[in-house]
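1. Quick one, what's the 3D model for this:
(one chain, ligands or ions: 1)
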Amino acid sequence: MAAQRLAEAGCRVRLFEAQATVGRKFLVAGHGGFNLSNAEETTRFAAHYGAQEKRFRELLAHFSATDMRAWAQDLGIETFAGTSGRIFPVVAHKPADLLRAWLGRLRELGVEINTRHRWLGFMGPKGLRLRDESAGPAANQELVIEPDATVLALGGASWAKTGSDGAWVPLLQDLGVPITPFAPANCGAEVAWSDFFKAKAGRAPLKNIALRVNDGLAVRGEIMLTDYGLEGTPVYALTPQLRVALANSGPAVLYVNLKPDLTAAALLSKLRQRRTGTSFPDFLRKALHLGPPIPTLLREAQADVATLPPEALAALLMAVPLSATGLRPLDEAISTAGGIAFRALDEHLMLRQRPGTFVAGEMLDWEAPTGGYLLQGCFSTGAWVAKGIIG
Ligand SMILES: Cc1cc2nc3c(=O)[nH]c(=O)nc-3n(C[C@H](O)[C@H](O)[C@H](O)COP(=O)(O)OP(=O)(O)OC[C@H]3O[C@@H](n4cnc5c(N)ncnc54)[C@H](O)[C@@H]3O)c2cc1C
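-> Prediction:
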C-alpha cells in the first residue's frame with residue numbers, strides 16, 4: 001500500500017521481497033474466509049487495537065474500511081459485508097485475483113518489483129544492504145542502494161514459510177530500536193485433555209457458545225475441540241487475556257457457556273424436567289439439543305456430572321471450566337503480538353534512530369482480533385507512512 005501511494009504521488013519506487021513471489025501471507029489469509037476489513041464504524045473499529053486504539057483512530061481516519069473497499073473496487077474486485085460485519089471479496093473473486101490485479105496496478109504505476117532480494121541491514125546513513133538471490137545460492141550478489149526514504153514492511157513472525165520469519169529483529173536492535181518480544185496472537189489454546197477424552201471426543205465443533213477467560217468478558221461464536229485444546233474465533237479473540245493470565249502463572253481457565261441464549265432460570269427450569277430413568281446423554285440431547293461430544297466434555301470437566309442436582313448442572317452448563325495450559329506455538333498463530341515499540345517511532349511511523357526509515361504492518365507492536373482488523377491495520381499503516389514520506 002505504501003508502494004502504491006508513493007508511486008501515485010510520482011515517486012520512483014523499488015520493492016524488494018525475499019521470497020520468490022510477493023504476498024504469500026496475503027494468499028494464506030485467503031485460505032479460510034478472507035476478510036479484508038470490517039464494516040464497523042471507526043470508533044468501535046479502533047477499539048480492537050487495544051493499547052494502540054488512539055493511534056489507530058488516526059490511522060483509520062486516513063485509510064478506513066471504506067477506503068479499503070474503494071481500493072479493491074478500483075482494482076475490479078467488488079466486496080460485500082457479511083452478517084458479522086466482515087468485508088469479503090465477492091465469491092467470484094479469489095484473493096489471488098486481488099493480488100494479481102494489485103501487482104498489475106503497481107507495475108502500471110512503474111513500481112519495480114524485485115523478488116528473491118533479501119534486505120540484510122543498513123549501511124551508512126542512507127544505505128540498504130540487499131542480497132540478490134535470484135540466480136541461485138552459488139551466484140548470490142550483494143548490492144547497496146541509497147533511497148531517499150525506506151519503508152520496512154517485513155511482517156511479524158508467524159507462518160515463517162510465507163517469509164515472515166522475524167529475522168529482521170537483530171538488524172533493528174543493533175540500532176537501539178526497542179522491540180517488544182514476539183508472542184502468538186489469534187492462536188489456539190492448549191488444554192491437557194485426558195486420553196479418554198481425546199479418543200472419545202476427537203475433533204468436534206461447539207456451535208453457538210460463549211467463551212471467557214477467568215472473570216473476563218464473554219465472546220460468542222463457534223469453537224473447535226482438537227486433540228491439543230481449542231481453536232476458533234472466540235479463542236483467538238481471547239488470546240491477549242489468556243496470555244496475561246498464563247504469564248501471571250495464576251489460573252487461566254476458559255469457561256464455555258453452552259447455552260448463552262438461555263437465562264439461568266430458563267435453563268434450570270428445563271433441567272428440573274428430567275425424569276428418572278432417562279440417560280444423561282439422552283436428556284441433554286432432547287431437552288437442550290446438546291448432543292455428542294457435550295456429555296463427554298462435561299464428564300471431562302466434572303466426573304460426577306450425570307448425578308449433579310439441577311442447580312449445579314445449570315451452573316456447569318453455563319461455565320464449563322477448561323484449564324488452559326498454554327498457547328499454540330508462534331509459527332502457527334494467525335498474527336504476532338510484539339514488534340517495534342511505538343516509542344521508537346515519530347508520528348509518521350519513522351524510526352527515531354534512523355530518519356528516513358519508516359515501518360508499517362505487522363512488524364509494529366500492535367495486535368487485533370481476526371475479522372478484517374489485521375489487514376486493515378497493515379494497509380492503514382502503509383498508507384500512513386506514504387503520507388509521511390510525501391509530506
Ligand atoms: C492463516 C492466516 C489467515 C489470515 N487471515 C486473515 C484475514 O482473513 N483477514 C485479515 O485481516 N488478516 C488475516 N491474516 C493476517 C494477515 O495476513 C497479516 O496480518 C498480514 O499479511 C501482514 O502483512 P504485512 O505486510 O505486515 O506482513 P507480511 O504479509 O508477513 O509480509 C511481509 C513480507 O516481508 C518479506 N520479508 C521479510 N523479511 C524480509 C527481508 N529481510 N528482506 C526482504 N523481504 C523480507 C516476507 O517474505 C513477506 O512477504 C491471516 C494470517 C494468517 C497466517
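
2. what's the burial count for Asn248?
-> 9 (other Cβ atoms under 10 Å). Yep, even glycine has a C-beta here, placed from its N, CA and C like the rest.

3. wait, Ser335
-> 28.

4. just Lys387 next, same as before
-> Residues near Lys387, counting by other Cβ under 10 Å: 18.

5. Which strand or helix spans it?
-> Following DSSP states H and E, one finds Lys387 within helix 373-390.

6. what about that helix, near the ligand?
-> Yes - Helix 373-390 is in contact with the ligand by Cβ under 6 Å from any ligand atom, via Leu374, Leu375, Cys378.

7. again, but for stretch 230-250
-> No - Stretch 230-250 lies out of reach of the ligand by Cβ under 6 Å from any ligand atom, never closer than 10.2 Å.

8. quick one, phi/psi of Trp159?
-> Backbone torsions for Trp159, taken as degrees, to the nearest 10, come to phi 50, psi 60.

9. Hmm, Asp331 and it touching each other?
-> Yes - between Trp159 and Asp331 there is a contact under Cβ atoms under 8 Å: 6.5 Å.

10. follow-up on the earlier one: mean confidence score for the helix holding Lys387?
-> Helix 373-390 shows a mean pLDDT of 98.

11. what do you get for stretch 352-367?
-> 98.

12. The ligand contacts on the chain?
-> 16-19, 24-26, 28-29, 34-35, 118-119, 153-155, 158-159, 163-164, 168, 334-335, 361-362, 372, 374-375, 378.

13. Columns neighbour count on top of the residues of helix 373-390 next to the ligand, output as JSON lines?
-> Output for these, formatted as JSON lines (neighbours: other Cβ atoms under 10 Å):
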{"residue": "Leu374", "neighbour count": "27"}
{"residue": "Leu375", "neighbour count": "22"}
{"residue": "Cys378", "neighbour count": "23"}
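
14. pull the longest strand from this protein.
-> strand 204-213 (DSSP state E).

15. Check which helices and strands that one is in contact with.
-> strand 219-225, helix 233-237, helix 239-247, strand 253-257 (3 or more Cβ pairs under 8 Å, 6 or more residues apart in numbering; DSSP states H and E).

16. can you rerun that using 6 Å?
-> strand 219-225, helix 239-247, strand 253-257 (3 or more Cβ pairs under 6 Å, 6 or more residues apart in numbering; DSSP states H and E).

17. picking that back up, counting contacts, what elements does the helix holding Lys387 pack onto?
-> Short answer (3+ Cβ pairs under 6 Å, 6+ apart): helix 373-390 packs on helix 2-8, helix 53-62.

18. returning to what we had before: how about the residues of helix 373-390 next to the ligand in JSON lines, adding distance to Val305?
-> JSON lines is the format used below for the residues of helix 373-390 next to the ligand (distance: Cβ to Cβ, whole Å):
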{"residue": "Leu374", "distance to Val305": "39"}
{"residue": "Leu375", "distance to Val305": "42"}
{"residue": "Cys378", "distance to Val305": "45"}
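
19. related to what we said a few turns ago, higher neighbour count, Trp159 and Asp331?
-> Trp159 (21 against 16).
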